[in-house]
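Participant: Here's a sequence, model it:
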Amino acid sequence: MSLISTPERMELNFYLASKETLRPVVRAFMNQLTAENWQRLETGRLDPETSTRVTALCVNVIEILAQSLHESLNRRLEKQKDWSPGSAKSVCKEDVRECLGNMGEVIAQTVAEVQGVGDIHYPKSGRVTELMVTAVTERVNSRLSKTSDSDDSEEHKTSPTILIKLRGHFKRILKNCYERMKTMLHRVKSTCTVQEKEEVVVPTQTSVTSLQEEKPGRAESTVNKSPTIFHVTKEILEQQLEEIVHDAQSLLHRGRR
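Facilitator: So this is what the prediction gives:
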C-alpha cells in the first residue's frame with residue numbers, strides 16, 4: 001500500500017516541483033561563485049574548489065526535497081495508530097517520481113531564472129529527474145527507518161556515483177546559462193553601440209552667431225532627447241565655440257599691432 005495518497009501526491013508535486021522551493025538554495029550557490037569558478041564552468045574542466053561547490057549544490061537540492069517529503073509523510077504516519085518511529089515503512093520510487101514531477105526541468109529553469117537568462121532547454125533533464133528520484137527516495141526511507149526521534153545513527157549519504165552523475169548534469173546546465181548570459185551581454189553591447197552612433201550629431205558649418213543664439217529647446221530637438229547625449233554634445237560645441245572666439249581675439253590683437 002502506498003504511503004502517499006493521490007491528493008497528497010498532487011499537493012506535494014505542486015510544492016516540490018516548483019522554482020520557489022529551489023530558488024533560495026540556487027541563489028545561495030550563485031552568490032558564492034567567483035569569476036574563476038565561472039571560467040572553470042565555461043570550459044567544463046572543474047578544479048577541486050568548483051567541483052566541491054557544484055557537488056554541494058546537488059546535495060542541498062536533494063536535502064531540501066527529501067526533508068519536505070519526509071515531513072509530509074511523518075505527519076500522515078503519526079495519525080496511524082499502529083505506527084511508531086522505526087516501523088517498517090518505506091516510500092517507493094513511483095510515489096517520489098510523481099511528487100517530484102519533471103524535477104530536471106525545474107532545476108534547469110530555476111538556475112536560468114536566478115542567473116537572469118530566461119528559459120533554457122536542457123535535453124537530459126529526464127536523467128536528472130531519475131537521479132533525483134533515486135537519491136530522494138533513499139534519503140527519505142533512511143529517515144523513516146530510524147528507531148526513534150533521538151536516534152544518533154549516521155545520516156544517510158547519497159551514493160558517490162549518483163552525486164558524480166548529478167554534478168556532471170549541473171555543470172552542463174550552469175555552462176549553458178553562462179553561454180546564454182554572454183550572448184545576451186554581447187547583444188546589449190552591440191545595440192548600445194549602434195544607438196550611440198545614431199544619436200551623436202556632428203555639427204557642420206555652424207556660425208558663431210547661430211551657436212550663441214541657439215535656444216535650449218531647439219538644441220534638444222536637433223540633437224537627441226537623451227540627457228546624456230545632449231549634454232555631451234553641448235559641451236563639445238561650447239568648447240569649440242570658446243576656441244573659435246579665442247582665435248578671433250588673437251587675430252584681432254595682432255591686427256592692432
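
Participant: Settle this for me: Thr137 is touching Lys93, isn't it.
Facilitator: Yes: at 5.1 Å, Thr137 counts as touching Lys93 under the criterion of Cβ atoms under 8 Å. C-beta here means a position set from N, CA and C on the backbone, and glycine is covered the same way.

Participant: where does Thr161 land on pLDDT?
Facilitator: Predicted confidence (pLDDT) for Thr161: 95.

Participant: Work out for me the element it sits within.
Facilitator: helix 160-199 (DSSP states H and E).

Participant: before we move on, what about Pro123?
Facilitator: Counting by DSSP H and E, Pro123 is found in no helix or strand.

Participant: Now do the phi/psi pair for it.
Facilitator: Pro123 has phi and psi values of phi -60, psi -20 when expressed as degrees, to the nearest 10.

Participant: which intervals of the protein have sub-threshold pLDDT?
Facilitator: The chain contains residues with pLDDT under 70 at 1-17, 76-88, 147-154, 186-257.

Participant: Verify the stated contact: Leu69 with Val136.
Facilitator: Yes: at 6.5 Å, Leu69 counts as touching Val136 under the criterion of Cβ under 8 Å.

Participant: So for these two, which sits in the more crowded spot?
Facilitator: Taking other Cβ atoms under 10 Å, Leu69 and Val136 do not tie; Val136 has more neighbours (29 against 24).

Participant: quick one: that one and Leu46, what's the gap?
Facilitator: According to Cβ to Cβ, to the nearest Å, Val136 and Leu46 sit 24 Å apart.

Participant: ditto for Arg40
Facilitator: From Arg40 across to Leu46, the span is 5 Å (Cβ to Cβ).

Participant: go on, Ile162?
Facilitator: With distances taken as Cβ to Cβ, Ile162 is found 17 Å from Leu46.

Participant: Same check on Asn176?
Facilitator: Using Cβ to Cβ, Asn176 is found at 15 Å from Leu46.

Participant: same deal with Phe29?
Facilitator: From Phe29 to Leu46 the distance is 14 Å (Cβ to Cβ).

Participant: repeat for Asn74
Facilitator: 37 Å.

Participant: Have a look at those two and say which one is more surrounded.
Facilitator: Leu46 (18 against 14).
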